[in-house]
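1. need a structure here:
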Amino acid sequence: MNWWPAAVFGWPAVLIAVVLSAVGIIKRRPTTLVASAVIIAPLSLYLGGTPSVGWIGFTMPVLLLGAGVAVRNRRIEIAWLLLIPVVAVIAWLAILVVAQSR
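-> Alright, predicted model coming up:
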């Protein structure tokens, strides 16, 4: 039973959330973006409690929900713009992890 924290809080969940977000925007399915927000919520709550990330971590599910609303309202460009900060935070976190492991 030691695999579930990594699956819920780790990189598999992050990658699934990002892929679902892109698929949701491309296929114009807001429910997929809502699912992506739910998947990334545990990581977001964890990051929100750390001093180095703080409130930025809490914005990821909100931005994904906003992208879902934009897709529902057929504002695809806005949905992509709302996805960019989420990907940027994830990329920044990945760079921190890789730099720390060296």
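2. contacts, neighbours, all on C-alpha from now
-> Will do.
3. got any ranges where this protein has weak pLDDT?
-> Filtered on pLDDT under 70, the chain yields the residue ranges 1, 7.
4. all helices in it, in order from the N-terminus.
-> With DSSP state H, the ranges of helices along the chain come out as 4-9, 11-26, 30-48, 59-72, 76-101.
5. export those helices to TSV and tack on mean neighbour count?
-> Shown next, in TSV, are the helices of the chain (neighbours: other C-alpha atoms under 10 Å):
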stretch	mean neighbour count
helix 4-9	13
helix 11-26	18
helix 30-48	21
helix 59-72	23
helix 76-101	14
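6. residue contacts, the closest residue to G24 other than its chain neighbours?
-> Closest residue in space to G24, ignoring its immediate chain neighbours: T32 at 5.0 Å, by C-alpha to C-alpha, 6 or more residues apart in numbering. Applying C-alpha atoms under 8 Å, 6 or more residues apart in numbering, we find T32 in contact with L20, S21, V23, G24, G68.
7. 10 Å - rerun?
-> By C-alpha atoms under 10 Å, 6 or more residues apart in numbering, the contact list for T32 reads A17, V19, L20, S21, A22, V23, G24, I25, V38, L64, L65, G68.
8. go on, V87?
-> Counting by C-alpha under 10 Å, 6+ apart, V87 touches V14, V18, M60, L93.
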